[in-house]
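Novice: Turn this into a model:
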Amino acid sequence: ALTVRFLTRRFIGEYGDMEFIYSHNLTVDGREILLHIWDVPNSQEQTEESSSEEKRIQWADSFVLVYSICDRASFNILPLKIQFIKATKEGQSQEKVPIVIVGNKRDLHHQRVVSSEEGRLLALSLDCGFYEVS
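Specialist: Just a heads-up that it's a prediction; the model follows:
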């Protein structure tokens, strides 16, 4: 839903667990940038082949990992995902891979189970950027 909101400026309430690759032109600092966004929903099952996940990681130049502030489980899987990304990407080069952690659903603060401080501390400990959005 965040990807669609970013690309179209519209909010969709219902969003399925489908994988998509979007292309989008964006102007940054006066330069035209072509983004390819591989939107992968989180699978609750850990049975996904690691080769499939490695393929996605090799394809990407940067990563935005989104969790719901109302869902502790979505937050708890982040450290392992980030360690896997770093091992896969940084193992091949000495460059730091850009990773941003995003806490979503900030507007649902009354249902919050993950504090902003927890998100900030996780990002700091894993050397990632951090934002909360709604």
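Novice: what's the burial count for Leu126?
Specialist: Counted by other Cβ atoms under 10 Å, the residues lying close to Leu126 total 17. Every residue, glycine included, has its C-beta placed from N, CA and C.
Novice: OK, contacts around it?
Specialist: Leu78, Pro79, Ile82, Gln83, Ile99, Ile101 (Cβ atoms under 8 Å, 6 or more residues apart in numbering).
Novice: go with 7 Å
Specialist: By Cβ atoms under 7 Å, 6 or more residues apart in numbering, the contact set of Leu126 is Pro79, Ile82.
Novice: Please apply the same query to His109.
Specialist: His109 touches nothing, counting by Cβ under 7 Å, 6+ apart.
Novice: 8 Å instead?
Specialist: So His109 contacts Ile69 (Cβ under 8 Å, 6+ apart).
Novice: One more: Gln58?
Specialist: Contacts of Gln58 by Cβ under 8 Å, 6+ apart are Thr88, Lys89.
Novice: Tell me the secondary structure of it, please.
Specialist: helix (DSSP: H, G, I helix; E, B strand; the rest coil).
Novice: all strands of this protein, in order?
Specialist: 20-28, 31-39, 63-68, 99-104, 129-132 (DSSP state E).
Novice: Longest helix of the chain, counting residues only.
Specialist: The single longest helix within the chain, with elements called by DSSP state H, is helix 78-89.
Novice: Give me the angle between it and strand 99-104.
Specialist: Angle of helix 78-89 versus strand 99-104, following axes from the mean of the first three to the mean of the last three Cα atoms, to 10 degrees, is 150 degrees.
Novice: what packs against helix 78-89?
Specialist: Using 3 or more Cβ pairs under 8 Å, 6 or more residues apart in numbering; DSSP states H and E as the contact test, the elements touching helix 78-89 are helix 50-59, strand 63-68, strand 99-104.
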